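In: Pasted the sequence and its predicted model underneath.
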Amino acid sequence: MKQITNCPSVLAAGYDTYSPAALRRLFDKQTVSHMLPYETIEKSEEDAKLFMENKKRISISGVQSKYSMVVKDGKLKLTPENERGWYILKLKPSEIRNPLECAANENLTMQIAEQVFKMETAANGLCFFQDGEIAYITKRFDITPDGTKYRVEDFASLAGLTSDNAGDNFKYDYSYEEVADLIKKFLPAWPVELLKFYRLVLFNFLFSNGDAHLKNFSVIDWGRNDFRLAPAYDLLNTRLHVDDTDFALDKGLFKTDRSEFFKGGKAIGFSFRQFALSIGLPETIADKELSLFTAKHPLIDELIDRSFLSEKLKRQYRMLYQTKRNRLADTKL
């Protein structure tokens with residue numbers, strides 16, 4: 001296993017395990033090992049059975065296999081039957097490019113969202129199987145301190161879309177403008193939440209997250225019908241793994257054709273400025289956010305360098321970011 005020199009959560013330099021900041025954020029100050037007490041599924045039939053049984057008891061959708069975890073005796077372990085899991089473990093996906101780097105990609109992208117752009121994100125980090133293979137761990141934000149669950153609804157549910165009534169493509173057949181309409185409809189403090197949503201749309205474009213579909217945006221009730229956007233989750237640069245498009249939603253930014261807002265059919269900063277106005281954000285806010293997301297942030301380069309991506313994918317990640325940043329900085333047709 002490669003020697004660890006940076007925190008496998010917040011990516012702070014000079015740590016061979018989780019830093020104090022990571023232990024506070026991810027594990028409520030508990031001292032937890034970054035090593036899992038398991039072999040990878042391919043290498044241990046006994047451990048593979050444990051993971052298979054655990055998977056049957058967790059009902060979270062997505063392409064990657066997900067498992068419920070708890071902390072016991074300073075280690076991350078599969079959640080025993082009839083016990084509440086506090087963490088979700090994501091293993092490498094199949095049938096994509098660079099599957100072993102997916103966890104590092106998601107950790108890096110989530111850390112950039114939180115540390116650079118001060119976005120509310122699900123606490124996350126990396127952990128390692130006994131043979132050194134990396135997995136992604138995230139703390140559940142839908143569990144209250146006493147172990148009960150907050151009410152969470154994704155935007156496919158808010159839109160009333162299911163595979164039964166809208167077909168297999170139900171979570172993609174929509175636009176981000178229509179998502180904004182749902183925010184205005186369902187969230188009492190919608191002006192604040194609308195800005196959070198706009199920033200998330202900008203971020204997903206800037207960091208090539210082509211998987212921002214309706215089930216990857218959620219609303220959470222923090223109590224007494226205090227509905228807000230849930231912390232951001234599932235943020236990663238999908239272009240490192242698949243040849244996808246700029247937007248996960250098939251209609252893109254607008255609910256009707258607005259090709260006049262695009263340059264050569266591609267979204268640029270001007271497109272996002274018009275999108276902000278179309279969902280009801282003031283020009284001053286739109287310009288301020290575009291300035292923030294196109295500014296130079298040295299911390300982005302530092303986090304990329306300290307991430308657990310391979311050197312090759314670090315270069316690709318940085319190149320994709322710079323390309324999108326140039327497009328976002330283009331505010332004139």
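Out: Thanks, I have it.

In: Restrict the one helix or strand residue 203 maps to to CA atoms and write it as PDB.
Out: Per DSSP states H and E: residue 203 is located in helix 190-206. The C-alpha coordinates for helix 190-206 follow below in PDB (Å, rounded to 0.1, in the frame of the first residue of the first chain):
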ATOM      1  CA  TRP A 190     -36.900  29.700  -1.300                       C
ATOM      2  CA  PRO A 191     -34.900  32.900  -2.100                       C
ATOM      3  CA  VAL A 192     -32.000  31.600   0.100                       C
ATOM      4  CA  GLU A 193     -32.300  28.000  -1.200                       C
ATOM      5  CA  LEU A 194     -32.500  29.200  -4.800                       C
ATOM      6  CA  LEU A 195     -29.100  30.800  -4.500                       C
ATOM      7  CA  LYS A 196     -27.700  27.600  -3.000                       C
ATOM      8  CA  PHE A 197     -29.100  25.700  -5.900                       C
ATOM      9  CA  TYR A 198     -27.700  28.100  -8.500                       C
ATOM     10  CA  ARG A 199     -24.200  27.800  -6.900                       C
ATOM     11  CA  LEU A 200     -24.500  24.000  -7.100                       C
ATOM     12  CA  VAL A 201     -25.400  24.100 -10.800                       C
ATOM     13  CA  LEU A 202     -22.400  26.300 -11.400                       C
ATOM     14  CA  PHE A 203     -20.200  24.000  -9.400                       C
ATOM     15  CA  ASN A 204     -21.400  20.900 -11.300                       C
ATOM     16  CA  PHE A 205     -20.600  22.500 -14.600                       C
ATOM     17  CA  LEU A 206     -17.200  23.800 -13.500                       C
END
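
In: need the contact list for the closest residue to residue 253 other than its chain neighbours.
Out: Residue nearest to residue 253 in three dimensions, not counting chain neighbours: residue 275, with 4.6 Å by C-beta to C-beta, 6 or more residues apart in numbering. (Each C-beta comes from the backbone N, C-alpha and C, glycine too.) Listed by C-beta atoms under 8 Å, 6 or more residues apart in numbering, the contact set of residue 275 reads 176, 177, 198, 201, 253, 254, 261.

In: rerun that using 10 Å as the cut-off
Out: Neighbouring residues of residue 275 by C-beta atoms under 10 Å, 6 or more residues apart in numbering: 175-177, 180, 198, 201-202, 252-254, 258, 261, 267, 281, 286.

In: Now do the buried residues in stretch 157-167.
Out: 158, 159, 161, 166 (16 or more other C-beta atoms under 10 Å).

In: What are the buried residues along stretch 195-211?
Out: So for stretch 195-211, counting by 16+ other C-beta under 10 Å, buried means 195, 197-211.

In: Wait, residue 53 touches residue 46, no?
Out: No. Using C-beta atoms under 10 Å, residue 53 is not in contact with residue 46; the gap is 11.5 Å.

In: So which residues of this structure form helices?
Out: 20-27, 45-55, 102-115, 155-158, 163-166, 176-186, 190-206, 269-278, 283-294, 298-306, 311-328 (DSSP state H).

In: The second one - contacts with which helices or strands?
Out: Contacting helix 45-55 under the criterion 3 or more C-beta pairs under 10 Å, 6 or more residues apart in numbering; DSSP states H and E are the following elements: strand 66-72, strand 75-78.

In: ok, and what's touching it?
Out: Identification of contacts with helix 45-55 by C-beta under 10 Å, 6+ apart yields 36-42, 44, 65-69, 77-81, 85, 89, 91, 129-130.

In: how distant is it from the center of its chain?
Out: In this view, helix 45-55 has its centroid 26 Å away from the chain centroid, taken as C-alpha atoms, centre = their mean, to the nearest Å.

In: got the angle for that helix vs strand 66-72?
Out: Between helix 45-55 and strand 66-72, the angle comes out at 100 degrees (axes from the mean of the first three to the mean of the last three C-alpha atoms, to 10 degrees).

In: List the residues that contact residue 199.
Out: Residues near residue 199 by C-beta under 10 Å, 6+ apart: 113, 117, 118, 119, 232, 289, 292, 293.

In: Distance to residue 145, neighbour count and pLDDT for those - can I get that in a markdown table?
Out: Converted to a markdown table, these look like this (distance: C-beta to C-beta, whole Å; neighbours: other C-beta atoms under 10 Å; pLDDT from 0 to 100):
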| residue | distance to residue 145 | neighbour count | pLDDT |
| --- | --- | --- | --- |
| 113 | 24 | 22 | 98 |
| 117 | 27 | 21 | 98 |
| 118 | 24 | 10 | 98 |
| 119 | 23 | 17 | 98 |
| 232 | 21 | 25 | 98 |
| 289 | 33 | 20 | 98 |
| 292 | 33 | 14 | 98 |
| 293 | 34 | 22 | 98 |
